[in-house]
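[1] fold the following, please.
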Amino acid sequence: MARYRGPKSKIARKFNDPIFGPDKAMERKPYPPGHHGASKRRRKQSEYGVQLMEKQKAKYTYGILERQFRNTFKEAARRKGITGENLLQLIESRLDNVVFRLGIAPTRRAARQLVSHRHIAVNGQVVNIPSYKIKEGDLVGVREKSKSRVAITDSLETRSNRFSWLEWDEEKMTGKFLNYPPREEIPENIKEQLIVELYSK
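    Next comes the predicted model:
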């Protein structure tokens, strides 16, 4: 399956969660999308259905395809600690997500594009792989030639979120990945234990 590029509001309504940010469509239509709208009678979801929906929500939230997601889960399961937390920490350490968290891009989709178009450098070297895993101590910043790009400067001017696991140098337009984020500080509304249960069947 190719990466989803359709209406974001439709997906947010499907999960009843503004996973792509504030969404007025959810206020106007607080029910899942579909031909019959709010009047459609919906069956109670099975346990498997609930787990599958949670996995799909995580995939759409971070913009990850099934194979990448499954491989990340396998790596999380091999690591010491709680598998669900490991999974979210590994996803949070993806280059496109770190670029988004630093405020260099306003959305993960925009962050992925900046990385793919070679505007981002890791430890001084240009990296154009959005799924590249950032390690503790790595420096992630805007490539010298791209520092004057309007899309980047505008995003940085409006950045509001600050995260304890990231350090930002405004002058150099470079951030440092200090450590993997603790679960309680990851703001995404994802029940990772349901994903673990799904893959453990």
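[2] got the contact list for residue 95?
    115, 120, 122, 127, 129-134, 140 (Cβ atoms under 8 Å, 6 or more residues apart in numbering). For the C-beta atoms, the positions are set from N, CA and C on the backbone; glycine is no exception.
[3] quick one: what helix or strand has the residue nearest to residue 59 when sequence neighbours are not counted in it?
    Excluding the flanking residues, the one nearest residue 59 by Cβ to Cβ, 6 or more residues apart in numbering is residue 69, at 5.4 Å. Per DSSP states H and E: residue 69 is located in helix 66-78.
[4] and that helix, how far from the chain's centre?
    15 Å (Cα atoms, centre = their mean, to the nearest Å).
[5] tell me the mean pLDDT for it?
    Helix 66-78 shows a mean pLDDT of 95.
[6] could you check the pLDDT of residue 38?
    For residue 38, the pLDDT comes out at 54.
[7] likewise residue 12?
    If you check residue 12, the pLDDT there is 60.
[8] so which elements touch the helix holding residue 69?
    helix 47-62, helix 83-92, helix 192-199 (3 or more Cβ pairs under 8 Å, 6 or more residues apart in numbering; DSSP states H and E).
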